[in-house]
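# mind looking at a prediction? Sequence and model below.
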Amino acid sequence: MASRPVIAVAGLACETSTFSASRTEAPAFHPRRGDEVVEKYPFIQPGSPLGEAVDWRGALIGHALPGGTVTRETFETLSAEILSRLKEITASVALDGMWFDIHGAMCVEGLDDAEYELLRRCRGVIGPDVLVSASMDLHGNVSQELAHQTDLITCYRTAPHVDVAETKERACRNLLDLINRRKNGKAFRPFKAWIPLPVLLPGEQTSTRDEPAAHIYAAVPVVEATEGVIDAAIWVGYAWADEPRNRAVVVVTGWDKEAISSGAEKLARTFWEARNDFSFVAPTGTFSECLDTALKSDKRPYFISDSGDNPTAGGSGDVTWGLTQLLERPEFKEESGPVVIYASVPGPGAVEKAVNAGVGAVITVTAGAEVDDIHAGPLTITGRVHSIKHGDRHAGIEAVLQVGSIYAILTKLRKPYHLERDFTELNLDPRSADIVIVKIGYLEPELYNMAKDWMLGLTPGGVDQDLIRLGHKRIIKPMWPFDRDFKEPDLSSRIIGMSDMDLASR
């Protein structure tokens, strides 16, 4: 019986805003090592087709909640461990491939292309012959250098991302096919057609639920099905980082140069011609306008996105501006007022005080603005402790304070609120609330299905939806929509073919 191919798994993932005041440290990545890596993904575990066909070797993966720039010390520490573990693997067995499990929008102090740099270092250990397949978020960035270092590269095709596992499995399945092709004596390094687009838009204008992204991404599997093509992908790019690589990109991978070039150019042209059609996924307004509209509406629950400090896009999560504005509204001063849930503001000291006082106690606490005090300072509030929850993976401890008819969620550490149970486990019923305000951009599926109506609040923070207001200085211009009047861009394919000589020289 022939031995199974050996594939290592490594990567670091963190969507990071260079406009956020926070910094991302090593513990935020929750690193998994060795067998823990394989245990994370059912599709490579024993008993699954890929699990039975491949000998998977976990090096180290780390997936951090989106946030501020990753410190250089964190990157160097985790990168060094990845390299060390890869050396251990290659010392004991011949490696056929590596699955590079990344996001693609990780910004590191002193680096402009962190994922490329990490893969370059990995190549120094695994060598030029090992085949590499990268899976990414469509909000990642693909520089020409990153594309060159990979043999296969793909990304999600939905936003919100409901095809995460599907994308990662596709990256692994295509990698195995490539390895088997090599073992059968056939050409095993495909070509990639790479096209950068001078477009940089936030996810809230490019959701695949809506047009024009819906029809743009519907074209991806059509190109992929073309003979001679292995994979097709479109990256929207990440709008809240100020690096030269940040922009939309199309990559089509395959054996037929003409087929991949034609497919890539069709996708790029479709994207570019739709640039004027991108708009926000919901009605927008100032925070005050959103509250006014919600109060007048008879749709319940009415959701409002406090989008500028969205922790799942890279916001620090502790901007107090939204909650401060909410507490000043006279409509919510009395307990008999419209029920509002607000999620959330970190305040470790406030949460500790709530825990010590217990449910039902009336306390005065100060929370927020420990990291980002640019837009508003710490907030002091007096309220009744409604509920307390221990042990959340992100928040650690959560406490709900009732102030008038407002139920404000305070956390020990920042946390995204995407699921109905995030509220019900705090003895809150979002379905019966009048208004639910969440620090988020587009609503994640459970919230979207729950909301009877919603608005996107254009609020301040490290992931401000008003990109012009943020003040990018290092992106390659001209860039839509920062620039509106510039000549037709070059949308022709750049063919990237990776030879062993190319890799050995890098």
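Alright, I've got the coordinates.
# hey, where'd the helices end up in the stretch 151-300 of the chain?
Assigned by DSSP state H, counting those that start in this stretch, the stretch 151-300 of the chain shows helices spanning 164-183, 213-218, 220-224, 257-273, 287-296.
# do the same with the stretch 1-150 of the chain
So, for the stretch 1-150 of the chain - with DSSP H, counting those that start in this stretch - the helices run 35-40, 49-53, 72-92, 114-126, 144-149.
# contacts for the second one?
Applying Cβ atoms under 8 Å, 6 or more residues apart in numbering, the external contacts of helix 49-53 come out as 4-5, 38, 43-46, 169, 172-173, 176. The C-beta positions use only the backbone N, C-alpha and C, and glycine is treated the same way.
# pLDDT and distance to Lys452 for those residues - can I get that in JSON lines?
Shown next, in JSON lines, are the contacts of helix 49-53 (pLDDT from 0 to 100; distance: Cβ to Cβ, whole Å):
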{"residue": "Arg4", "pLDDT": "95", "distance to Lys452": "52"}
{"residue": "Pro5", "pLDDT": "97", "distance to Lys452": "51"}
{"residue": "Val38", "pLDDT": "97", "distance to Lys452": "42"}
{"residue": "Phe43", "pLDDT": "98", "distance to Lys452": "36"}
{"residue": "Ile44", "pLDDT": "98", "distance to Lys452": "40"}
{"residue": "Gln45", "pLDDT": "96", "distance to Lys452": "40"}
{"residue": "Pro46", "pLDDT": "95", "distance to Lys452": "45"}
{"residue": "Glu169", "pLDDT": "98", "distance to Lys452": "35"}
{"residue": "Cys172", "pLDDT": "98", "distance to Lys452": "40"}
{"residue": "Arg173", "pLDDT": "98", "distance to Lys452": "40"}
{"residue": "Leu176", "pLDDT": "98", "distance to Lys452": "46"}
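# just the buried residues out of those residues, in ChimeraX syntax.
The ChimeraX command for the buried members of these (criterion: 16 or more other Cβ atoms under 10 Å) is given here:
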select :5,38,44,169,172,173,176
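# number of nearby residues for Lys487?
Using other Cβ atoms under 10 Å, Lys487 has 6 neighbouring residues.
# same check on Met136?
Neighbours of Met136 using other Cβ under 10 Å come to 29.
# I'd guessed it sits against Met106; true?
No: between Met136 and Met106 there is no contact under Cβ atoms under 8 Å: 10.7 Å.
# which of the contacts of helix 49-53 sits closest to Ile468?
Glu169 (38.7 Å; Cβ to Cβ).
# name the nearest residue to the closest one, ignoring sequence neighbours.
Leaving aside its chain neighbours, Glu169 sits nearest to Phe43 (4.4 Å; criterion: Cβ to Cβ, 6 or more residues apart in numbering).
# that neighbour against Lys168, yeah?
Yes: if you go by Cβ under 8 Å, Phe43 and Lys168 touch, sitting 7.4 Å apart.
# list the buried residues for stretch 216-235?
216-217, 219-220, 223-224, 226, 229-235.
# before we move on, what about stretch 111-129?
Under 16+ other Cβ under 10 Å, the buried positions of stretch 111-129 are 111, 113-120, 122-123, 125-126.
# stretch 244-259 too?
Neighbour-count burial for stretch 244-259 [16+ other Cβ under 10 Å]: 245-256, 259.
# relative to the whole chain's centre, how far out is that stretch?
Put simply, stretch 244-259 sits 21 Å off its chain's centre (Cα atoms, centre = their mean, to the nearest Å).
# any idea how far His63 lies from Thr69?
Going from His63 to Thr69 by Cβ to Cβ, to the nearest Å gives 17 Å.
# same check, this time on Leu50
Leu50 is 35 Å from Thr69, by Cβ to Cβ.
# what about these two, which has more around it?
A count of neighbours by other Cβ under 10 Å puts Thr69 above the other of Leu50 and Thr69, at 26 against 18.
# what number of residues lie near the nearest residue to that one once chain neighbours are set aside?
Closest residue in space to Thr69, ignoring its immediate chain neighbours: Cys107 at 4.9 Å, by Cβ to Cβ, 6+ apart. When neighbours are defined as other Cβ under 10 Å, Cys107 has 28 of them.
# okay but Leu201 is in contact with Tyr238, surely?
No: here Leu201 lies out of contact with Tyr238, judged by Cβ under 8 Å, at a distance of 10.3 Å.
# export the host helix or strand of Trp454 as CSV, just CAs?
Per DSSP states H and E, Trp454 falls inside strand 453-457. Extracted C-alpha coordinates of strand 453-457, given in CSV (Å, rounded to 0.1, in the frame of the first residue of the first chain):
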residue,chain,number,x,y,z
ASP,A,453,-36.0,46.2,9.9
TRP,A,454,-32.6,47.7,10.4
MET,A,455,-30.3,50.6,9.6
LEU,A,456,-26.5,51.0,9.4
GLY,A,457,-25.3,53.8,11.7
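# in the protein, what spans have low per-residue confidence?
Low-confidence segments of the chain (pLDDT under 70): 1-2, 187, 498-506.
# go again with 90.
Filtered on pLDDT under 90, the chain yields the residue ranges 1-3, 182-188, 375, 486, 497-506.
# ok, back up a step: let me know the closest of the buried residues of stretch 111-129 to Glu488.
The closest of those, once distances to Glu488 are taken by Cβ to Cβ, is Asp113, at 26.9 Å.
# residues contacting that closest one?
Applying Cβ under 8 Å, 6+ apart, the residues contacting Asp113 are 141, 143, 145-146, 243, 245.
# how much space between His390 and Gly317?
Computed as Cβ to Cβ, the His390 to Gly317 distance reads 19 Å.
# who has more neighbours, these two?
Neighbours were counted for His390 and for Gly317 using other Cβ under 10 Å; Gly317 has more, 30 against 10.
# these two touch, right, that one and Asp306?
No: using Cβ under 8 Å, Gly317 is not in contact with Asp306, being 10.6 Å away.
# find residues that contact each of these two.
Lys439.
# how is the chain carved up into domains?
6-279+491-504, 284-464 (automatic domain parsing).
# as CSV, those domains with distance to Lys477 would be great.
Formatted as CSV, the domains of the chain follow (distance: least, Cβ to Cβ, whole Å):
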stretch, distance to Lys477
domain 6-279+491-504, 8
domain 284-464, 19
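# list the strands paired with the strand holding Trp454, with their directions.
According to DSSP bridges, strand 453-457 forms sheet pairs with strand 284-285 (parallel), strand 302-306 (parallel).
# closest to Glu25 out of those?
strand 302-306 (25.1 Å).
# packing partners of the helix or strand just after that closest one?
Using DSSP H and E, the helix or strand that directly follows strand 302-306 along the chain is helix 321-327. Judged by 3 or more Cβ pairs under 8 Å, 6 or more residues apart in numbering; DSSP states H and E, helix 321-327 is in contact with helix 287-296, strand 340-346, strand 379-392, strand 406-411.
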